[in-house]
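1. Structure, please.
(one chain, ligands or ions: 2)
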Amino acid sequence: MEDCLFCKIVSGEIPSTKVYEDEKTLCFKDINPEAPVHVLVIPKKHISNINELSKDDEEIIGHIFGVIKKVTKELGISESGYRIVSNCNEDAGQTVPHVHFHILGGKKLQVPMG
Ligand code: AMP
Ligand code: ZN
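-> Ligands and ions are numbered 1, 2, ... in the order given. Purely as a prediction, here's the structure:
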């Protein structure tokens with residue numbers, strides 16, 4: 001999608017610090033980290049948010065959780081623990097309208113919600 005920040009990261013038009021990449025997904029460091037480890041996992045395909053998922057997209061979301069398992073191990077936070085966050089639309093504070101999963105870890109995280 002032309003004007004999407006994360007599509008531009010996928011195409012390389014905007015640089016990112018890549019952590020993992022395969023044919024369907026990309027994982028890169030969040031530019032404004034909220035924890036010692038803060039990376040984003042995104043599908044390369046543009047999907048605005050979870051509301052826009054099609055039945056066919058469910059496979060890639062499942063795949064993303066396999067990627068999360070792999071990268072958290074590589075980043076050394078799988079045993080200590082981490083949080084996965086995906087914001088959808090305004091009330092949740094979604095700022096980039098391309099599906100993304102935050103992975104936060106590397107410290108004892110505050111109990112969130114609301
Ligand atoms: P959200 O608020 O859930 O939509 O998350 C968007 C995230 O994207 C925020 O945590 C931002 O810090 C992050 N972000 C914005 N621009 C970039 C960028 N160019 N490279 C990496 N992360 C970014
Ligand atoms: Zn996009």
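2. which sections of the chain are below the confidence cut-off?
-> Scanning the chain for pLDDT under 70 picks out the ranges 114.
3. quick one, strands of it?
-> Counting by DSSP state E, the segments of the chain that form strands are 18-21, 25-29, 37-43, 82-85, 101-105.
4. could you dump the ones you listed to TSV with distance to Ile64?
-> In short, each C-beta sits where N, CA and C put it, glycine included. Listed next are the strands of the chain as TSV, based on distance: least, Cβ to Cβ, whole Å:
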stretch	distance to Ile64
strand 18-21	11
strand 25-29	6
strand 37-43	5
strand 82-85	10
strand 101-105	6
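5. for this protein, what spans make up the helices?
-> Along the chain, counting by DSSP state H, helices occupy 5-11, 58-74, 89-92.
6. contacts for stretch 64-82?
-> 19-20, 22, 25, 27, 37, 39, 41, 43, 84, 101, 103-106, 109 (Cβ atoms under 8 Å, 6 or more residues apart in numbering).
7. Pull up the distance across it, start to finish.
-> End-to-end distance for stretch 64-82, by Cα to Cα, to the nearest Å: 15 Å.
8. Setting the sequence-adjacent residues aside, check what's closest to Asp30.
-> His38 (4.3 Å; Cβ to Cβ, 6 or more residues apart in numbering).
9. What of Ile84?
-> Per Cβ to Cβ, 6+ apart, closest to Ile84 is Phe101, 5.5 Å.
10. Same question for Cys4.
-> Setting aside the residues directly before and after it, Cys4 is nearest to His98 in space (Cβ to Cβ, 6+ apart), at 5.1 Å.
11. how many neighbours does the residue nearest to Gly93 when sequence neighbours are not counted have?
-> Residue nearest to Gly93 in three dimensions, not counting chain neighbours: Asn87, with 5.3 Å by Cβ to Cβ, 6+ apart. By other Cβ atoms under 10 Å, the residues close to Asn87 number 17.
12. List the residues that contact Asn87.
-> Gly93, Gln94, Thr95, His102.
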